[in-house]
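> quick one: sequence plus predicted model below, questions after.
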Amino acid sequence: MDAITLLKADHRTVEDLLKQVQDLSESAHAQRRALFQQIDKELTVHSKIEETIFYPALKQKAKSKEDNDAKQEVLEAYEEHGNVKSMLEKLEGTDAADETYNAKLQVLSDLVKHHVHEEEHELFKEAQNLMNEAELEQLGTKMAQAKEQLLSAVPA
Ligand SMILES: [Fe+2]
Ligand SMILES: [Fe+2]
């Protein structure tokens, strides 16, 4: 599977989970917590494979082809991951029955949606300009393997 297809599939998975959490009733704290744990795991693994495999490869390409816009996009993506991560940490430390829990989830959802949009409308296009099909395929294989390892290492 090529890198872009793999990452987009992850995005759809997370969007689906975010929608499910939004559809829960006000008092469904246990389900909300359980869904959050799934979202947390998906986002953590997804961010990790982007940060350790996809972004560095793209940054390297951008550098060698002197594409400053692409390099800037990658640097922004890392910063956006930082914001998502800090929201995940806040949610990990908050009781699902706390009055701020839903507000935190909503902010997480907004951050994720914004970031996914940027990736799919900017970053992935840059990647497709800078890399050929074989390179994208190779990165996809690498990320699929890393993902499997991470998923088996992260407690359910
Ligand atoms: Fe992504
Ligand atoms: Fe990302």
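Sure, I can see it. Numbers count the residues shown, from 1 in each chain. Ligands and ions are numbered 1, 2, ... in the order given.
> so what secondary structure elements neighbour the longest helix seen in the chain?
When the chain is parsed with DSSP state H, its longest helix is helix 68-92. In terms of contacts (3 or more Cβ pairs under 8 Å, 6 or more residues apart in numbering; DSSP states H and E), helix 68-92 is packed against helix 29-49, helix 55-64, helix 101-118, helix 124-130. Heads up, the C-betas are built off the backbone N, CA and C, glycines and all.
> kindly recompute the last result at 6 Å.
On a contact count with 3 or more Cβ pairs under 6 Å, 6 or more residues apart in numbering; DSSP states H and E, helix 68-92 meets helix 29-49, helix 55-64, helix 101-118.
> I'd like these as CSV, with distance to ligand 1 appended.
Output for those, formatted as CSV (distance: least, Cβ to the ion, whole Å):
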stretch, distance to ligand 1
helix 29-49, 6
helix 55-64, 10
helix 101-118, 6
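> these: which one's closest to His81?
helix 29-49 (5.0 Å; Cβ to Cβ).
> buried set for that closest one?
Residues of helix 29-49 classed as buried: 32-33, 35-36, 39-43, 45-49 (neighbour count, 16 or more other Cβ atoms under 10 Å).
> now Glu126: how far from Glu73?
Glu126 sits 6 Å away from Glu73, going by Cβ to Cβ, to the nearest Å.
> quick check: neighbours shared by those two?
Where contact means Cβ atoms under 6 Å, 6 or more residues apart in numbering, no residue is in contact with each of Glu126 and Glu73.
> and the residue lying closest to His29 once chain neighbours are set aside, backbone torsions?
Excluding the flanking residues, the one nearest His29 by Cβ to Cβ, 6 or more residues apart in numbering is Ala96, at 4.2 Å. Main-chain torsions, Ala96, degrees, to the nearest 10: phi -60, psi -20.
> since we're on Ala96, how many residues are nearby?
17 (other Cβ atoms under 10 Å).
> also Lys125?
Lys125, neighbours per other Cβ under 10 Å, totals 14.
> and the pLDDT for Glu26?
As predicted, Glu26 sits at a pLDDT of 87.
> which SS state does it fall under?
Assigned with DSSP: H, G, I helix; E, B strand; the rest coil, Glu26 falls in the coil class.
> burial check on it, number of neighbours?
Neighbours of Glu26 (other Cβ under 10 Å): 7.
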